[in-house]
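Q: predicted model, plus sequence, below.
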Amino acid sequence: MTSTLSIPQAIWNHLSAWIREETAAQEARLEVLEELRNSMSQRDPKVAEGILERLQNQDKTGIGRENRRQAIFASLGKHWQISASMLTLRSIAERMGDEGSELMELRNQLVEVVKKVTVGGRMVSATAHMHRSVILDVLSVLFDGHHGDPLEEQGRLLDAEA
């Protein structure tokens with residue numbers, strides 16, 4: 001096994017900083033998803049629009065973090081003379097031997113937050129699906145007797161009013 005002494009300190013510093021930053025970013029995403037789910041029950045759609053904009057901004061910053069992760073993994077791959085695509089946080093920690101325990105702890109924290117983000121995303125999706133179902137039911141009642149997608153049929157009501 002390789003120890004952290006064989007890993008350049010700069011790479012370790014970048015890896016450690018990246019995983020902490022990614023964990024914090026995922027925690028922030030979890031908070032925004034919860035806000036979004038709660039905003040879906042409010043009457044003002046602008047609230048949800050603002051939250052969706054924040055999610056989009058988080059996605060944009062996530063690209064930069066992913067680029068940094070790839071650069072760090074590429075450096076480790078060169079250092080160990082393996083393909084960066086073969087590296088995971090777990091495999092890096094295993095290569096570090098006993099000194100990889102700190103990395104495994106950080107990895108486990110990230111995994112737990114990502115699981116919560118996944119659940120939060122599913123809850124937002126379920127809430128949106130429920131709202132869509134209610135809207136479709138209302139539109140179906142309005143367009144009783146018409147077949148097809150009520151969301152496509154809604155233009156008929158607007159045309160009739162013109």
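A: Yes, it's here. From a predicted model like this one, the values you see are computed outputs, not experimental measurements.

Q: mind listing what's buried in stretch 75-92?
A: Going by neighbour count (16 or more other CB atoms under 10 Å), the buried part of stretch 75-92 is 75-76, 80, 84, 87, 89, 92. Any C-beta I mention is one placed from the backbone N, CA and C, and that applies to glycine too.

Q: list just the nearest of the residues you listed to residue 65.
A: residue 89 (13.8 Å; CB to CB).

Q: flag the shaky bits of the chain, pLDDT-wise.
A: Across the chain, the ranges flagged by pLDDT under 70 are 1-6, 145-162.

Q: residue 127 and residue 8: what is the separation?
A: 47 Å (CB to CB, to the nearest Å).

Q: tell me which of these two has more neighbours.
A: It is residue 127, of residue 127 and residue 8, that has more neighbours when counted by other CB atoms under 10 Å, with 16 against 13.

Q: list the contacts for that one?
A: When contacts are counted by CB atoms under 8 Å, 6 or more residues apart in numbering, residue 127 touches 37, 40.

Q: host element of it?
A: Secondary structure assignment for residue 127, by DSSP states H and E: helix 101-142.

Q: what's the spacing between that helix and its chain's center?
A: With CA atoms, centre = their mean, to the nearest Å as the basis, the distance from the averaged C-alpha position of helix 101-142 to the chain average is 10 Å.

Q: go on, stretch 85-93?
A: From the chain centre to the centre of stretch 85-93 is a distance of 21 Å (CA atoms, centre = their mean).

Q: hmm, who's touching it?
A: Among residues not part of stretch 85-93, those counted as contacts by CB under 8 Å, 6+ apart are 15, 19, 73, 76-77, 100-101, 103-104, 106-107, 110.

Q: ok, so of these, who is nearest residue 36?
A: Sorting those by distance to residue 36 puts residue 110 at the head of the list, at 21.8 Å, by CB to CB.

Q: and that closest one, how far from residue 93?
A: Relative to residue 93, residue 110 is positioned 12 Å away (CB to CB).

Q: which residues touch the closest residue to residue 35 other than its chain neighbours?
A: Taking CB to CB, 6 or more residues apart in numbering as the measure, residue 35 lies nearest to residue 51, with 5.3 Å between them; neighbours along the chain are not counted. Residue 51 makes contact with 32, 35-36, 39 under the criterion CB under 8 Å, 6+ apart.
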